[in-house]
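[1] Output the structure for:
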Amino acid sequence: MSSPEAKTLTRIQKGLVKMGSKAPTKLKPFLRRVGALLGKGSTAEQIDAMVAKLEKAGAVRVAGDAVLYSSK
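    Prediction:
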């Protein structure tokens, strides 16, 4: 059984994959999208932590203002 945190990470990864070519490639819209996928009332700290997890999982790479997606 996976943790709620792992389930949230998977849900967000799937949400971004579903967007395909419409997935945000700039940092601010990407952070808004992650916040929306996390749910109402998500804090900046929660969003930053999730982005860090997405990067660690290899799903995305943030380079300055650009967001690059892995081709997995």
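[2] Show me which helix runs longest in the protein.
    When the chain is parsed with DSSP state H, its longest helix is helix 4-19.
[3] Which other helices and strands does the helix or strand following that helix contact?
    Per DSSP states H and E, the first helix or strand lying C-terminal to helix 4-19 is helix 27-38. Under the contact criterion of 3 or more Cβ pairs under 8 Å, 6 or more residues apart in numbering; DSSP states H and E, helix 27-38 touches helix 4-19, helix 44-56, strand 60-63, strand 66-69. Bear in mind the C-beta positions are built from the backbone N, C-alpha and C, glycine included.
[4] rewinding a little: contacting residues around the longest helix of the chain?
    Applying Cβ atoms under 8 Å, 6 or more residues apart in numbering, the contact partners of helix 4-19 are 2, 23, 33-34, 37-38, 50, 53-54, 57, 59-60, 69.
[5] For those, work out which two are farthest apart.
    S2 and A23 (23.8 Å; Cβ to Cβ).
[6] Could you export the helices and strands packed on helix 27-38 as CSV, including mean neighbour count, distance to K28 and mean pLDDT?
    Output for the helices and strands packed on helix 27-38, formatted as CSV (neighbours: other Cβ atoms under 10 Å; distance: least, Cβ to Cβ, whole Å; pLDDT from 0 to 100):
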stretch, mean neighbour count, distance to K28, mean pLDDT
helix 4-19, 14, 15, 91
helix 44-56, 15, 11, 96
strand 60-63, 14, 11, 95
strand 66-69, 16, 10, 95
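[7] With distance to P29 added, can I get those in TSV?
    Below are those laid out as TSV (distance: least, Cβ to Cβ, whole Å):
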stretch	distance to P29
helix 4-19	11
helix 44-56	12
strand 60-63	12
strand 66-69	8
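[8] picking that back up, quick one: which of S2 and A23 has more around it?
    The neighbour comparison of S2 against A23 (other Cβ atoms under 10 Å) goes to A23, with 16 against 9.
[9] Now that one: phi and psi?
    Dihedral angles of A23 (phi, psi; degrees, to the nearest 10) stand at phi -60, psi 140.
[10] Fine by me, thanks again.
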